[in-house]
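> return a 3D structure for these sequence lines:
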Amino acid sequence: MDKEVEVPEWEHTNGSNDADPATQSTKPSLKERFDTAMPPHKKYLGMKRNIFLLALLAVFLALLALIIGLAVGLTQKSK
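As a prediction, the model looks like this:
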């Protein structure tokens, strides 16, 4: 009375595709590409990478605020 139930091939795996190299992507992730462009162990202008990126963001935001402020101020007609 013991019948073997035929299980489809995809049901035999535990749901992970890590073992199948055909399903793995060869494209590097965003973090891997960023680490290749700016390695985390290096120093940039004498600063750690995180501090350098924060300083770069601060400079960018200050420059953006200056551009927007000048654009608004110079387009206002004097009364």
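
> what bits of this structure have low per-residue confidence?
Under the criterion pLDDT under 70, the flagged ranges of the chain are 1-2, 7-8, 10-24, 77-79.

> where exactly do the helices run in it?
Under the criterion DSSP state H, helices of the chain are mapped to 30-37, 49-75.

> quick one: the longest one to chain centroid distance?
What that stands for is helix 49-75. Mean C-alpha position of helix 49-75 versus that of the full chain (CA atoms, centre = their mean, to the nearest Å) differs by 22 Å.

> neighbours around Pro39, how many?
Applying other CB atoms under 10 Å, we find 10 residues neighbouring Pro39. No exception for glycine: its C-beta is placed from N, CA and C like everyone else's.

> what's the closest non-adjacent residue to it?
Nearest non-adjacent residue to Pro39, counting by CB to CB, 6 or more residues apart in numbering: Arg49, 7.8 Å away.

> could you verify my assumption that that neighbour touches Ala37?
No - counting by CB atoms under 8 Å, Arg49 stays clear of Ala37, with 10.7 Å between them.

> for the two, indicate the residue with more neighbours.
Arg49 (16 against 7).

> can you name the residues that contact the more buried one?
38-40, 42-43 (CB atoms under 8 Å, 6 or more residues apart in numbering).

> go through those residues and name the one nearest Leu74.
Distance to Leu74, by CB to CB, is smallest for Met38 among the contacts of Arg49, at 36.3 Å.

> what's around that closest one, how many residues?
12.

> likewise Ala55?
Using other CB under 10 Å, Ala55 has 13 neighbouring residues.

> please report how far the closest residue to it other than its chain neighbours lies from Leu57.
Leaving aside its sequence neighbours, Ala55 sits nearest to Met47 (CB to CB, 6+ apart; 6.7 Å). Look at Met47 and Leu57: by CB to CB, to the nearest Å, they are 13 Å apart.

> and for Ile51?
11 Å.

> who has more neighbours, the two?
Counted by other CB under 10 Å, Ile51 and Leu57 do not tie: Ile51 has more neighbours, with 13 against 10.
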